[in-house]
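Novice: Here is the input, now give the coordinates:
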Amino acid sequence: MFTFSLTLIRHGETQYNREKLLQGQGVDTPLSETGVQQGEAVGQYLKDITFNNVFASNLQRAVQTAEIILRKNTHSSGMEMVLEPLLRERGFGVAEGRPKEDLKNMANAAGQSCRDYTPPGGETLDQRMLDEHGSSGPDASAGASVAGDTANGSAAAASDVASGGLADDGLQGLSVHVLVVSHGAYIRVAIRHLVEDLKCSLPAGVKMSQLFSPCPNTGISRFILTLSQSESGPVLSAARCVFTNRKDHLENLTAAE
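Specialist: Residues are numbered from 1 along each chain as shown. Here you go, the predicted model:
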């Protein structure tokens, strides 16, 4: 068995985020000034965690955020990240570049919830799941997909969830840490897959509304994943959620605004 931490971070703010416009995959915008500050804040928050592997969506808002985090990091500065197209945002078809309110109106007109609705030319949630996790069933989890790059260390047992809002919550006893920088809709899909399909264990007293709430820009989620070897390769044998959508690092920025 092999156990490691997976820290998921949404990219920093872009001007499209500020103006509540959909970006998806076809709109590739850079970070706004606020987004850069958010990236620096989350990088400072995580600066003492040694990330053994770093994966990022190849859209520039995610790449920029990951670069800032690595520059701030005491141990991982200069590490080469892996740019992964499968970590891109969900495609929203004709709705990309338009106000988010337009997507809600299109969903209402179709008699569907906004989460379940797929605009013309967009990517369905099922397609996103297949792209992200492959089609070999629930054992082929997000954790297993990065196993080939992370299984260079020894297995370690995960400790109990640490109380409070510390940057190293859940990391005690682990020697391998993976950072993934991606997008809001992607992260929501990944968390739902881990919790609903893979029956990931949850922190005591957590509310589902909090667990599945929209991730803020540079919001942090963390899971502890254990992989076992099978004839077809590594499969997820245990998963535990430490926290989701944490934004402690943004408090000073919010106060300044």
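
Novice: ok, residue 3 - how many residues close by?
Specialist: 22 (other Cβ atoms under 10 Å). The C-beta positions use only the backbone N, C-alpha and C, and glycine is treated the same way.

Novice: partner residues bridging the closest residue to it other than its chain neighbours?
Specialist: Take residue 3 and drop its neighbours on the chain: the residue closest to it by Cβ to Cβ, 6 or more residues apart in numbering is residue 226, 4.5 Å away. Beta-bridge partners recorded for residue 226 (DSSP bridges): residue 3, residue 238.

Novice: residue boundaries of the helices in the stretch 101-250 of the chain?
Specialist: 125-133, 142-145, 147-150, 184-192, 208-211 (DSSP state H, counting those that start in this stretch).

Novice: Quickly note the distance from the nearest residue to residue 219 once chain neighbours are set aside to residue 108.
Specialist: The shortest distance from residue 219 to any residue other than its chain neighbours is 4.5 Å, reached at residue 245 (Cβ to Cβ, 6+ apart). Separation of residue 245 from residue 108 (Cβ to Cβ, to the nearest Å) stands at 26 Å.

Novice: Below-threshold pLDDT in this structure: ranges please.
Specialist: 126-164, 254-257 (pLDDT under 70).

Novice: Please repeat the previous calculation with a cut-off of 80.
Specialist: In the predicted model, the chain carries pLDDT under 80 at residues 77-78, 115, 124-164, 254-257.

Novice: quick one: the strands in it?
Specialist: Along the chain, counting by DSSP state E, strands occupy 2-10, 53-56, 82-83, 177-182, 220-230, 233-246.

Novice: Relative to residue 44, how far out is residue 80?
Specialist: 22 Å.

Novice: The two: who's more crowded?
Specialist: In this view residue 80 and residue 44 are compared by other Cβ under 10 Å, and residue 44 has more residues nearby, 15 against 8.

Novice: OK, contacts around that one?
Specialist: Going by Cβ atoms under 8 Å, 6 or more residues apart in numbering, residue 44 touches 72, 249.

Novice: Verify the stated contact: residue 17 with residue 27.
Specialist: No - using Cβ atoms under 8 Å, residue 17 makes no contact with residue 27, being 10.9 Å away.

Novice: Those two: who's more crowded?
Specialist: Ranked by neighbour count (other Cβ under 10 Å), residue 17 and residue 27 place residue 17 first, with 23 against 17.

Novice: nearest residue to that one other than its sequence neighbours?
Specialist: Spatial nearest neighbour of residue 17, chain neighbours left out: residue 217 (6.2 Å); criterion: Cβ to Cβ, 6+ apart.

Novice: isn't the one you found right up against residue 12?
Specialist: Yes - in this structure residue 217 lies within contact range of residue 12 using Cβ under 8 Å: 5.3 Å.

Novice: Find residues that contact each of those two.
Specialist: 35, 38.

Novice: Mind checking which of those two has more residues around it?
Specialist: residue 12 (28 against 24).

Novice: I'd like the distance between the more buried one and residue 218.
Specialist: Applying Cβ to Cβ, the value for residue 12 to residue 218 is 5 Å.

Novice: next one: residue 251
Specialist: Residue 251 sits 12 Å away from residue 218, going by Cβ to Cβ.

Novice: Which one of these two is surrounded by more residues?
Specialist: More crowded of residue 251 and residue 218, by other Cβ under 10 Å: residue 218, with 29 against 11.

Novice: Tell me who's in contact with that one.
Specialist: Here residue 218 is in contact with 9, 10, 11, 12, 38, 39, 41, 42, 65, 247, 249, 250 (criterion: Cβ under 8 Å, 6+ apart).

Novice: can you redo the residues you listed as a markdown table with distance to residue 117?
Specialist: Shown next, in a markdown table, are these (distance: Cβ to Cβ, whole Å):
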| residue | distance to residue 117 |
| --- | --- |
| 9 | 26 |
| 10 | 21 |
| 11 | 23 |
| 12 | 27 |
| 38 | 29 |
| 39 | 31 |
| 41 | 33 |
| 42 | 31 |
| 65 | 28 |
| 247 | 27 |
| 249 | 33 |
| 250 | 29 |
